[in-house]
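Undergrad: got a predicted structure plus its sequence, pasted below:
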Amino acid sequence: MKYQLTKHFLIGLCSLLGMNSCRANTNNAEENNTNIEMNTEQKSSQSDLGEDTKKLVVFFSHTGENYNVGYIKKGNTHIIADMIADATGADIFEIVPEKSYPADYNECIELAKQELQKNTRPAIKDDVPIEDYDIVFIGYPNWWGNPPMCVYTFIEKHNWTDKTVIPFITHEGSGMGGTDRKIATACKGANTLTEKGLVIQGKVAQENQVSAQKSVMSWLNNLGIKTK
Ligand SMILES: Cc1cc2nc3c(=O)[nH]c(=O)nc-3n(C[C@H](O)[C@H](O)[C@H](O)COP(=O)(O)O)c2cc1C
């Protein structure tokens, strides 16, 4: 089963993105983590990330069968979203599509690919007034090198002027893959912290939460965001 998933995933992913981009994206993830280390000295100049800011964590995450982790009850990105909200005291909101994505991995990747190719905006349930917040963390899994389309549905419902947007992503090899720049383009008028987003492997989030928690805390501290 694992071999089949791995083979299917790699063939599909690399045919959509191209082999080189698979390799390049992995490097980006490593560079991104290095950037976090290198940016430690910059944090004092980021006054807009200070204590008095109102913070919100928005995320999409998929449960059911997933690559490299089997059937999961709580999605990888959901685990990281909870860690960020707990550490910062931020409010939290989950983007839930009106029509759930299939639990079956192969069906899910097929649907996600179709949505990406057609640039669809799947309807979502509920909403949160992001206009009330200063900092919005946006989290999602890397799906075919992109944020899932329902994340754009959420973003396009809102006015992002003057918000600080901080992306975080879970993945299984492609890292951030430039999705932070896509989020920046979608969140018109926001100050999106591209190159400073958090990148965590889904398997680590799911199965090594001590390590994932350390990465989250170190990332927040390096950004200059106060933690509990
Ligand atoms: C539809 C789909 C597409 C995916 N595409 C990629 C990809 O292009 N690159 C990658 O590294 N991981 C990919 N993955 C793996 C997920 O990014 C990874 O398992 C992530 O941690 C899932 O997070 P979640 O549990 O919050 O949904 C994909 C998974 C699915 C279901």
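TA: Now that the structure is in, tell me what you want to look at. Residues are numbered from 1 along each chain as shown.
Undergrad: report pLDDT for the residue in the chain that the ligand sits nearest to.
TA: Per Cβ to the nearest ligand atom, the residue of the chain with the smallest distance to the ligand is residue 202, at 2.2 Å. The way it works is simple: take the backbone N, C-alpha and C, and place the C-beta from them, glycine included. Residue 202 carries a pLDDT value of 98.
Undergrad: count the neighbours of the residue nearest to residue 134 when sequence neighbours are not counted for me.
TA: Once flanking residues are discounted, residue 134 sits nearest to residue 53: 3.9 Å by Cβ to Cβ, 6 or more residues apart in numbering. If you count neighbours by other Cβ atoms under 10 Å, residue 53 ends up with 16.
Undergrad: which element follows the lowest-mean-pLDDT helix or strand in the chain toward the C-terminus?
TA: Least confident helix or strand, the chain: helix 19-38 with a mean of 38, by mean pLDDT, DSSP states H and E. Next helix or strand after helix 19-38 toward the C-terminus (DSSP states H and E): strand 55-59.
Undergrad: what pairs with that following strand, parallel or antiparallel?
TA: Partners of strand 55-59 in the sheet, by DSSP bridges, are strand 91-94 (parallel), strand 135-141 (parallel).
Undergrad: the helix or strand following that strand - contacts with which helices or strands?
TA: Past strand 55-59, further along toward the C-terminus, the next helix or strand under DSSP H and E is strand 64-66. When contacts are defined as 3 or more Cβ pairs under 8 Å, 6 or more residues apart in numbering; DSSP states H and E, strand 64-66 sits against strand 70-72, helix 105-118.
Undergrad: what sits against the residue nearest to residue 134?
TA: Residues near residue 53 by Cβ atoms under 8 Å, 6 or more residues apart in numbering: 134, 135, 164.
Undergrad: which one of those is nearest residue 107?
TA: The nearest member of these to residue 107, counting by Cβ to Cβ, is residue 135 at 35.6 Å.
Undergrad: residue 163 is in contact with that closest one, correct?
TA: Yes: contact criterion Cβ atoms under 8 Å: residue 135 and residue 163 qualify, at 7.3 Å.
Undergrad: circling back: so which of the helices and strands packed on strand 64-66 is the most packed in?
TA: Using mean count of other Cβ atoms under 10 Å, the stretch among the helices and strands packed on strand 64-66 with the largest mean neighbour count is helix 105-118, at a mean of 16.
Undergrad: okay, the angle between that one and strand 135-141?
TA: 120 degrees (axes from the mean of the first three to the mean of the last three Cα atoms, to 10 degrees).
Undergrad: give me the three-state assignment for the nearest residue to residue 68 once chain neighbours are set aside.
TA: Distances taken as Cβ to Cβ, 6+ apart put residue 203 closest to residue 68, at 4.8 Å, once the chain neighbours are dropped. Under the three-state scheme (DSSP: H, G, I helix; E, B strand; the rest coil), residue 203 adopts helix.
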